[in-house]
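In: Mind looking at a prediction? Sequence and model below.
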Amino acid sequence: MDRLRAFEVFVMVVNRGSFARAADALDTSPANVTRYVNELEAHLGVRLLNRTSRRLSLTEGGETLYARCTTILDDVAETEGVLTSASIEPRGRLRINAPVSFGVLHLAPLWPRFMARYPDVELEVALIDRVVDIVEEGFDLAIRISRAGTVDHAARKLATSRNVLCASPEYLTQWGHPVVPADLIGRPCIGYTYAATGDAWQLADDEGRPHPVRVQCVMHTNNGDTARAAALAGRGIIWQPTFLIGDDLRAGRLVRVLPNYRLPDIDVLALYPSRRHVSAKVRAAIDFLADAFSDVPPWDRG
């Protein structure tokens, strides 16, 4: 029995919900699909599927095997993609989505180098702060700033950025330096609309103990540059990633607040629809960006 082929057939049966539809997708006969599944069950000594005249359902063993098989098939497809992409010159239109601030500050300077290296790739870069559906909206690649990562698409981590509480020196002269998270209560703060926890800021001490605090925001914005501008003008405390405010911290225009407490770090991710059949242009872009952000990312360099 070709076990890899059997895994592929089994996964297709589960995905399509029937032996007949799996056979159509695999361009083979239902009898052949049935044979592979039966041989796989016999080889493993466990029933994988509950079959009735109307529907199929996974057994407990089938659920375990399905999860493992999808990972195995993705790994095989990714390995094949690496070898195939290496022999094909990247070309064609490449649609990329990225957040506005990150796209302007850290991606825009890179694209001319990418274009010089891959002259047959036509770049289309859309800077949008909302979370786009890359499949529905036709993007080949998305750069996502995320704490949670993704379960819907394949992803590669490019870098990490620290989230930092900060304010202008003028603000701290007027309001004083907070010593503990509770000191933030009643002080003007600037909120970020897309923050998962809203105005409940999730700080932790050096030992990882949580110190959540609900702050009073005198302004909310869905754009990090707007929050930064308000903080520079002395209007409130912000928390923003170092990729946005790193230069301000180094220059002293902004000062860290509560430096002994941390906010959760965020990842810079390259998202693409699937590990299977990754095109040469997408793989080239991901590898290019991963190399650009390798080691210490530019926003955290001294």
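Out: Structure received. None of these values were measured; they are calculated from a predicted model.
In: use CA for all of it now, contacts and neighbours both
Out: Noted.
In: How about the secondary structure of Ser294?
Out: Secondary structure, DSSP: H, G, I helix; E, B strand; the rest coil: Ser294 is coil.
In: Please tell me how far it sits from Pro112.
Out: Ser294 sits at a distance of 19 Å from Pro112 (criterion: Cα to Cα, to the nearest Å).
In: what do you get for Arg156?
Out: 22 Å.
In: who has more neighbours, the two?
Out: Arg156 (16 against 11; other Cα atoms under 10 Å).
In: who's that one bridged to?
Out: Bridge pairing for Arg156 (DSSP bridges) gives the partners Ala270.
In: and if you look at the one 10 residues further on?
Out: When bridges are taken as DSSP bridges, the partners of Cys166 come out as Ile238, Arg256.
In: and it, what is it in contact with?
Out: 231, 237-239, 254-257 (Cα atoms under 8 Å, 6 or more residues apart in numbering).
In: And Pro273, by the same measure?
Out: 134-135, 140-141, 153-154.
In: cool, Ser146 as well?
Out: Contacts for Ser146 (Cα under 8 Å, 6+ apart) come out as 266-269.
In: switch the cut-off to 7 Å
Out: Going by Cα atoms under 7 Å, 6 or more residues apart in numbering, Ser146 touches 266-268.
In: Could you measure from it over to Arg156?
Out: For Ser146, the distance to Arg156 - Cα to Cα - is 12 Å.
In: What segments of the stretch 151-300 of the chain are strands?
Out: For the stretch 151-300 of the chain, the strands defined by DSSP state E, counting those that start in this stretch occupy 154-161, 163-167, 188-192, 200-204, 210-214, 216-221, 238-241, 255-256, 266-272.
In: Kindly reformat those strands as a markdown table containing mean pLDDT and distance to Val46.
Out: Converted to a markdown table, the strands of the stretch 151-300 of the chain look like this (pLDDT from 0 to 100; distance: least, Cα to Cα, whole Å):
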| stretch | mean pLDDT | distance to Val46 |
| --- | --- | --- |
| strand 154-161 | 90 | 31 |
| strand 163-167 | 96 | 49 |
| strand 188-192 | 96 | 52 |
| strand 200-204 | 95 | 47 |
| strand 210-214 | 96 | 45 |
| strand 216-221 | 96 | 55 |
| strand 238-241 | 95 | 50 |
| strand 255-256 | 98 | 59 |
| strand 266-272 | 92 | 35 |
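In: between those strands, which gets nearest to Ser29?
Out: strand 154-161 (31.2 Å; Cα to Cα).
In: Contacts for the closest one next, please.
Out: 241-243, 265-275, 289-290, 293, 297.
In: In terms of pLDDT, where does the nearest residue to Asn222 once chain neighbours are set aside sit?
Out: Excluding the flanking residues, the one nearest Asn222 by Cα to Cα, 6 or more residues apart in numbering is Thr193, at 4.7 Å. In the predicted model, Thr193 carries a pLDDT score of 88.
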